[in-house]
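J.: Provided below for reference: sequence and predicted model.
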Amino acid sequence: MWLMKSEPGSYSIDDLARDGRTHWEGVRNYQARNLMRDQMQAGDAVLFYHSNAQPPGVAGLARISQAAQPDPTAQDPNHAYYDPKAIPQNPWLMVELGFVAKFPCLVSLRELKDHPGLTGLMVIQRGARLSVQPVAPEHFRLIEQLGLGD
DNA sequence: GCCAACGTTGGC
DNA sequence: GCCAACGTTGGC
């Protein structure tokens, strides 16, 4: 189970709801890429997190609809995500993300930090910049309940 | 291989 | 807008 960050100004949970599914292009961090390559599987559940938002927090649920495959934008000189140093033998990767649900009420970063049941959750650690993060199943279930208002 | 400089992320 | 944290780059 995962948490994936997006700035709602560039791609929000509403955009994903509209599109149904989307290629998660532009990941240019090796740790994040290796997680996608080595551990992420089609069908995995995802918390969709809004970063650089007011307030930041988990905005909804998604699912990995397609496992990691090479990210063509890294090879495209006309694309904003172009990486001139990218080599085909060691490509950047992308997954496909499918919409599951938008939370009726966003679970803010403040709530995540204050909740006693979420100790150790990566996104609430200082300086946790990784855009793709593993989430423990019990943390996932808890955040899901908070977001769905159960 | 070290490490200072620099760029990016992202909360506040 | 500020700035701490972190990753990357490049000189040596």
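T.: Perfect, I can see it now.

J.: residue A:23 - how many residues pack around it?
T.: For residue A:23, the neighbour count with other Cβ atoms under 10 Å is 16. Bear in mind the C-beta positions are built from the backbone N, C-alpha and C, glycine included.

J.: could you do the one 5 residues further on as well?
T.: For residue A:28, the neighbour count with other Cβ under 10 Å is 15.

J.: helix, strand or coil for it?
T.: coil (DSSP: H, G, I helix; E, B strand; the rest coil).

J.: what about it, distance to residue A:148?
T.: For residue A:28, the distance to residue A:148 equals 33 Å [Cβ to Cβ, to the nearest Å].

J.: quick one, what contacts residue A:19?
T.: With contacts defined as Cβ atoms under 8 Å, 6 or more residues apart in numbering, residue A:19 is in contact with residue A:99.

J.: separation between it and DNA strand B?
T.: As defined by Cβ to the nearest atom of the strand, to the nearest Å, residue A:19 lies at a distance of 20 Å from DNA strand B.

J.: relative to residue A:5, how far out is that residue?
T.: Distance of residue A:19 to residue A:5, computed by Cβ to Cβ: 18 Å.

J.: same question for residue A:124.
T.: As defined by Cβ to Cβ, residue A:124 lies at a distance of 13 Å from residue A:5.

J.: among these two, which residue is more densely surrounded?
T.: Ranked by neighbour count (other Cβ under 10 Å), residue A:124 and residue A:5 place residue A:5 first, with 20 against 16.

J.: how about the backbone phi and psi for the residue in chain A positioned nearest to DNA strand C?
T.: The shortest separation between chain A and DNA strand C is 2.1 Å, found at residue A:127 (distances taken as Cβ to the nearest atom of the strand). Geometry field for residue A:127 lists phi and psi as phi 70, psi 20, criterion degrees, to the nearest 10.

J.: count of residues packed around it?
T.: Using other Cβ under 10 Å as the criterion, residue A:127 is surrounded by 5 other residues.

J.: could you do the one 4 residues further on as well?
T.: For residue A:131, the number of neighbouring residues by other Cβ under 10 Å comes to 19.
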